[in-house]
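Generate a structure from the sequence data that follows.
(chains A and B)
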There are 2 protein chains.
Amino acid sequence: MASRPSFLVDINGVLYTGNKPIAGAAEAVDFLRDNDYSFRFISNATQSCRATLHKKLKSLGFDIREKELFTAPVATARYIKKTGMKRCFLITTGDVYKDFKKEGIVQTDKRPDHVVIGDAGKGFTYERMNAAFNYILEGADLIAMEKDRYWRSSRGLALCGGPYTAALEYATGIKATLIGKPSRDFLLLALADMNAKPKNTILIGDDLITDIAGAQRAGMRGFLVTSGKHDRKDAKRSVIKPDEVLDSIAGLRGLDLYNKKK
Amino acid sequence: MASRPSFLVDINGVLYTGNKPIAGAAEAVDFLRDNDYSFRFISNATQSCRATLHKKLKSLGFDIREKELFTAPVATARYIKKTGMKRCFLITTGDVYKDFKKEGIVQTDKRPDHVVIGDAGKGFTYERMNAAFNYILEGADLIAMEKDRYWRSSRGLALCGGPYTAALEYATGIKATLIGKPSRDFLLLALADMNAKPKNTILIGDDLITDIAGAQRAGMRGFLVTSGKHDRKDAKRSVIKPDEVLDSIAGLRGLDLYNKKK
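Sure, this is the predicted structure:
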């Protein structure tokens, strides 16, 4: 018997680009909710806390609850909490520290047990990178909230957290633990949050590697939308084969969503 | 017949540490000069230009000529000059730019053909790293004057140019061209500067990897001095086997320096 699918929905490039909602995306979210599908919205965005992201989505017209947002900073804070430790050196920007505070994680410059790298922008100063390097040599674990290479800012391409994580890995010889997409653990935690199983889950995203390959490696289906960073040509050229390619998430409503594979 | 050796002498940790000359080092340099050995002093130091380094060595009591110093910035400037291009975006600090100016290399923020990374310290701002990243994507070649991990500053361990080069490599997917030690080309250029051959050359250095392994890979002998970053225990534990281990360069005078291997 075919199973009813659950959904992991990427945010940037799927629900909005820049500060504009994608046409039909709000209605697609309503469609999922009205038909009682389970879903979570997932994001590697590490420049603001979940509450701020939620506010933005509301202002763009999306009927989404904060607890339906599963973001890399929230997952990172929970991961650290689970270790039983809670002393953190954050290289982040904006109000992302609030996600950590909420989980009882303490920000400190004294003998932290974790060094956490996000998309810090101008927060990547030599002083903070040097401090992070020394903390890691003294035994702190290195956590990458994401390892993305770059993003398209309003002033051109801008470095994300990935290159700076690579710098600390090179300096210390120690590999970072990746929490965000395409980490399998991240996707599985998002599923656990709604009691879903990989084989019945569809991930909808705009990135062939981070989203589609990540989903398929974790045993899910991956639907590519071409409303974000990749287009149909990219999908044709790639060795990564999405289970579906849609112009946008609005196209979901016309599909047979049941998994016909066993 | 055994051949008369030539010498490549590392500077930091061999001639001095911090701002103090190593006991007997100045006399060892005199010994080489008085006995008409060929020699060059080599350094990955990329925080000042050659003239400044020369001034420092003079002030520490070394009888050394500026042209006997073969440094990573000078080699980099010559390398770029040889390509026929000369537009350079430098991420460096201090007066190291003077070595480039001398070779007719132009520093520019507009469509550079080379991005050059040195040990820039606080010069590693997000803005400059981002600019470098975009220039590389637009076609500029990435040059690492050194890929060292860190150095021991007066305030503890501090990141060198290597981690930041690794960051740009990760972001762009493009591998940097390494100019300084342990690059084989760097060592061979230093030899060419004094008309010497690898098999008759002895490199004297304090780093097992950068100096000793680098020398041996290039067909030279490598003498480790324990007056710098590595001690005899390090040498015993390492898979890298120096041809000699000396307490300091002062020990040169007691050795039979002729190459008994063919």
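
Report the separation between A:T177 and A:I80.
10 Å (CB to CB, to the nearest Å). (Each C-beta comes from the backbone N, C-alpha and C, glycine too.)

what's around A:G156, how many residues?
By other CB atoms under 10 Å in any protein chain shown, 12 other residues sit near A:G156.

Please name the strands paired to the lowest-mean-pLDDT helix or strand in chain A in the sheet, noting orientation.
When the helices and strands of chain A are scored by mean pLDDT, DSSP states H and E, strand A:150-153 comes last with a mean of 82. Partner strands and pairing direction for strand A:150-153 (DSSP bridges) are strand A:156-159 (antiparallel).

can you list the residues that contact the strand it pairs with?
By CB atoms under 8 Å, 6 or more residues apart in numbering or on different chains, the residues outside strand A:156-159 that reach it are A:121, A:124, A:149-152, B:126, B:129-130, B:133-134, B:137, B:167, B:171.

Can the next helix or strand after it be said to contact chain B?
Using DSSP states H and E, the helix or strand that follows strand A:156-159 towards the C-terminus is helix A:161-172. Yes. Judged by CB under 8 Å from any CB of the partner chain, helix A:161-172 and chain B are in contact via A:162-164, A:166-171.

Please identify which of A:T177 and A:I80 sits among more neighbours.
A:I80 (23 against 15).

That one contacts A:P112, doesn't it?
No. Using CB atoms under 8 Å, A:I80 is not in contact with A:P112; the gap is 10.3 Å.

Now do the shared contacts for the two.
Joint contacts of A:I80 and A:P112 (CB under 8 Å, 6+ apart) are A:C88.

List the residues that are in contact with both of A:T177 and A:I80.
A:I143.

near chain B, which residues of the stretch 51-200 of chain A show up?
A:121-127, A:129-130, A:133-134, A:137, A:149-150, A:156-159, A:162-164, A:166-171.

who touches A:D243 in this structure?
A:202, A:216, A:221-223.

next one: A:S38
A:6-7, A:194-196.

Mind putting those into JSON lines with neighbour count, pLDDT and secondary structure?
Formatted as JSON lines, the contacts of A:S38 follow (neighbours: other CB atoms under 10 Å in any protein chain shown; pLDDT from 0 to 100; DSSP: H, G, I helix; E, B strand; the rest coil):
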{"residue": "A:S6", "neighbour count": "22", "pLDDT": "96", "secondary structure": "strand"}
{"residue": "A:F7", "neighbour count": "24", "pLDDT": "97", "secondary structure": "strand"}
{"residue": "A:M194", "neighbour count": "16", "pLDDT": "93", "secondary structure": "coil"}
{"residue": "A:N195", "neighbour count": "8", "pLDDT": "93", "secondary structure": "coil"}
{"residue": "A:A196", "neighbour count": "23", "pLDDT": "95", "secondary structure": "coil"}
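
right, and out of those, which lies closest to A:D231?
A:F7 (22.4 Å; CB to CB).

bridging residues for that closest one?
Bridge pairing for A:F7 - DSSP bridges - gives A:F39, A:I202.

okay but it is in contact with A:F39, surely?
Yes. The pair A:F7 and A:F39 passes the contact test of CB under 8 Å, sitting 4.0 Å apart.

can you list residues touching both of these two?
Joint contacts of A:F7 and A:F39 (CB under 8 Å, 6+ apart) are A:L32.

what are the ranges of the helices in the stretch 101-250 of chain A?
A:126-137, A:161-172, A:184-192, A:214-217, A:232-237 (DSSP state H, counting those that start in this stretch).

could those be laid out in a markdown table, adding mean neighbour count and distance to A:D95?
Below are the helices of the stretch 101-250 of chain A laid out as a markdown table (neighbours: other CB atoms under 10 Å in any protein chain shown; distance: least, CB to CB, whole Å):
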| stretch | mean neighbour count | distance to A:D95 |
| --- | --- | --- |
| helix A:126-137 | 20 | 17 |
| helix A:161-172 | 24 | 17 |
| helix A:184-192 | 19 | 21 |
| helix A:214-217 | 21 | 27 |
| helix A:232-237 | 12 | 33 |
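
which residue sits closest to A:D95, ignoring its sequence neighbours?
Spatial nearest neighbour of A:D95, chain neighbours left out: A:C49 (4.8 Å); criterion: CB to CB, 6 or more residues apart in numbering or on different chains.

Distance of the one you found relative to B:D193?
57 Å.

Same check on A:K67?
67 Å.

out of these two, which sits in the more crowded spot?
Neighbour count, other CB under 10 Å: between A:K67 and B:D193, B:D193 has more, with 17 against 11.

Surely the more buried one is in contact with B:V74?
No. Between B:D193 and B:V74 there is no contact under CB under 8 Å: 10.0 Å.

Common neighbours of those two, please.
With CB under 8 Å, 6+ apart, B:D193 and B:V74 have no common neighbours.

how about low-confidence regions in the stretch 151-262 of chain A?
Scanning the stretch 151-262 of chain A for pLDDT under 70 picks out A:259-262.

same thing but at 50, please
Filtered on pLDDT under 50, the stretch 151-262 of chain A yields the residue ranges A:262.

Could you count how many residues lie near the nearest residue to A:S238 once chain neighbours are set aside?
The shortest distance from A:S238 to any non-neighbouring residue, by CB to CB, 6+ apart, is to A:L208 (5.1 Å). A:L208 has 21 neighbouring residues, counting by other CB under 10 Å.

And the one 3 residues further on, by the same measure?
Around A:D211 there are 31 other residues, counting by other CB under 10 Å.

Count the neighbours of the spatially closest residue to A:L224 that is not a sequence neighbour for me.
Computed as CB to CB, 6+ apart, the closest residue to A:L224 that is not its neighbour in sequence is A:P242, at 3.8 Å. If you count neighbours by other CB under 10 Å, A:P242 ends up with 24.

Can you give the contact residues for stretch A:11-22?
Contacts of stretch A:11-22 (CB under 8 Å, 6+ apart): A:9, A:25-26, A:29, A:41-43, A:45, A:53, A:57, A:60-62, A:69, A:154, A:204-207, A:225, A:227-229, A:248-250.
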